[in-house]
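Peer 1: Dropping a prediction and its sequence here:
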Amino acid sequence: MKRIGMLTSGGDCQALNAAMRGVVKSLSYSGEPVEIYGFLEGYKGLIYGNFRMLTGADFSGILTKGGTILGSSRTPFKLMREPDENGLDKVEAMKQNYYKLRLDCLVILGGNGTHKTANMLREEGLNVVTLPKTIDNDLWGTDMTFGFQSAVNIATDCIDCIHTTAASHGRVFIVEVMGHKVGYLTLNAGMAGGADIILIPEIPYDIKKVVEAINKRSERGSKFTILAVAEGAISKEDAALSKKEYKKKMADYKYPSVSYEIAEKIQKKTGLDVRVTVPGHTQRGGSPCPYDRVFASRLGAQAGRMILNGEYGFMVGYRNREIVKVPLEDVAGKLKMVEPDSDIIQEAKLLGISFGD
Ligand code: F6P
């Protein structure tokens, strides 16, 4: 008998359910009796002992379902060691609930913050297996995270729709894509949608270069320009500020997001009509694309196999086309970012895409 605790933490994404289904299906088909304790709303459920016993029926019909049947929440890693408002030691509470339920392991699905806490629980002596989710694809140790391809599809659809209206009106359009620190989603959706300019956090932009790229298109007779801009796109001047100076700038920031600041600058410098579209959380919604369904199911199946073998302390990752075990201590606290001199950036530049650098 295996007693497994499961939770989904951090921002949700597509294919969380598909991944959990994969774990449970592979365990069930092995013939090993299992008990699944589903902790609700992320680590909060584990801290406060809020769980639901799940059966095979709970995992039936959820392969195609977005969101997470367990609910999710953000419990920042930096607050984990701070007692809650009632003085409860959260780490001790998680350990106590784990031991009280006599769990064999925890299956934790999450992104960067989630992995820091998962690794801490491993250091505290709990058996942990994790699965890499996030639309940002910024998790270190895996070439791919589930949710990413589905989000690329949605952001690309958005850019596709903008294309026709941009062409009719001869406007400049900015599509703001999710990703505060890392630009994989913007880069991929931008290239897939045929954006002319792509601005990502890893490549600080010079507004003069952005304007130059727009003007060049106008000179060549293009009536419109489309920019794919990451939420976390940053100008060269802002990137040069100290943390303190940048914090001060953001405290007085008058724009709803960076795209509006960029739009205003473009409008002033070119006299062109500029519009901003923010697909926002639609990028995390809806059903997972086929790639994510297959990918998350594969990861889940491998997690099940690892549990049966008693292999704990790993994230199930994907590297060089193979599913691999990545030690949690290697994953925790690291970000995988777009390399400014990577092949894909060079190739995008060969296609004439400007990064504003
Ligand atoms: O989960 C990743 C992500 O969607 C980022 O791309 C985005 O910046 C952030 O979460 C949004 O977080 P929240 O849902 O808490 O607003």
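Peer 2: Structure's in. What do you need? What you see is a predicted model; the values in this text were computed from it and never measured.

Peer 1: Just give the nearest non-adjacent residue to the residue of the chain found nearest the ligand, would you?
Peer 2: Across the chain, the shortest distance to the ligand (Cβ to the nearest ligand atom) belongs to G11, at 2.8 Å. Any C-beta I mention is one placed from the backbone N, CA and C, and that applies to glycine too. In space, G11 comes closest to R284 once its chain neighbours are excluded; the distance is 6.5 Å by Cβ to Cβ, 6 or more residues apart in numbering.

Peer 1: which residues does that neighbour contact?
Peer 2: R284 is in contact with G11, D12, C13, Q14, G66, I135, G147, A151, M178, counting by Cβ atoms under 8 Å, 6 or more residues apart in numbering.

Peer 1: Farthest pair within the residues you listed?
Peer 2: Using Cβ to Cβ, the two most remote members of the contacts of R284 are G66 and M178, lying 15.1 Å apart.

Peer 1: and those two? which has more neighbours close in?
Peer 2: M178 (25 against 20; other Cβ atoms under 10 Å).

Peer 1: The more buried one contacts A151, doesn't it?
Peer 2: Yes - taking contacts as Cβ atoms under 8 Å, M178 lies within contact range of A151: 7.0 Å.

Peer 1: got any residues that touch both of the two?
Peer 2: With Cβ under 8 Å, 6+ apart as the test, M178 and A151 both reach I135, L185, Q283, R284.

Peer 1: Next one: the second one relative to V229, how far apart?
Peer 2: For L185, the distance to V229 under the criterion Cβ to Cβ, to the nearest Å works out to 11 Å.

Peer 1: overlap in contacts of those two?
Peer 2: Taking Cβ under 8 Å, 6+ apart as the criterion, L185 and V229 both touch V177.

Peer 1: quick revisit: just the shared contacts of M178 and A151 that are near the ligand?
Peer 2: I135, R284 (Cβ under 6 Å from any ligand atom).

Peer 1: so which pair among the shared contacts of M178 and A151 is furthest apart in space?
Peer 2: L185 and R284 (10.5 Å).

Peer 1: residues shared between the contacts of these two?
Peer 2: I135, A151, M178.

Peer 1: so G193 makes contact with I226?
Peer 2: Yes - assessed by Cβ under 8 Å, G193 is found in contact with I226 at 7.3 Å.

Peer 1: where do the helices sit along the chain?
Peer 2: 16-29, 43-47, 77-80, 90-100, 112-123, 148-169, 184-192, 207-219, 236-240, 243-251, 258-270, 290-309, 328-331, 343-350 (DSSP state H).

Peer 1: Least confident of those, on average?
Peer 2: Mean pLDDT per stretch puts helix 243-251 lowest among these, at a mean of 92.

Peer 1: can you list the shared contacts of L185 and R284 in CSV and add distance to K95?
Peer 2: Below are the shared contacts of L185 and R284 laid out as CSV (distance: Cβ to Cβ, whole Å):
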residue, distance to K95
I135, 31
A151, 34
M178, 34
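
Peer 1: Can you pull the residues of the stretch 101-250 of the chain lying near the ligand?
Peer 2: Counting by Cβ under 6 Å from any ligand atom, the stretch 101-250 of the chain sits next to the ligand at G111, T134, I135, D136, M178, G179, H180, E231.

Peer 1: Save those residues as TSV, and put in pLDDT and distance to G5 too.
Peer 2: Below are those laid out as TSV (pLDDT from 0 to 100; distance: Cβ to Cβ, whole Å):
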residue	pLDDT	distance to G5
G111	97	19
T134	98	21
I135	98	25
D136	98	26
M178	98	29
G179	98	30
H180	96	30
E231	98	33
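
Peer 1: Could you identify the buried members of the residues you listed?
Peer 2: G111, T134, I135, D136, M178, G179, E231 (16 or more other Cβ atoms under 10 Å).

Peer 1: wait, the second one sits on G10?
Peer 2: Yes - contact criterion Cβ under 8 Å: T134 and G10 qualify, at 7.4 Å.

Peer 1: tell me, what's touching those two both at once?
Peer 2: With Cβ under 8 Å, 6+ apart as the test, T134 and G10 both reach G110, G111, N112.

Peer 1: check contacts around E123.
Peer 2: Each residue near E123 by Cβ under 8 Å, 6+ apart is listed here: E329.
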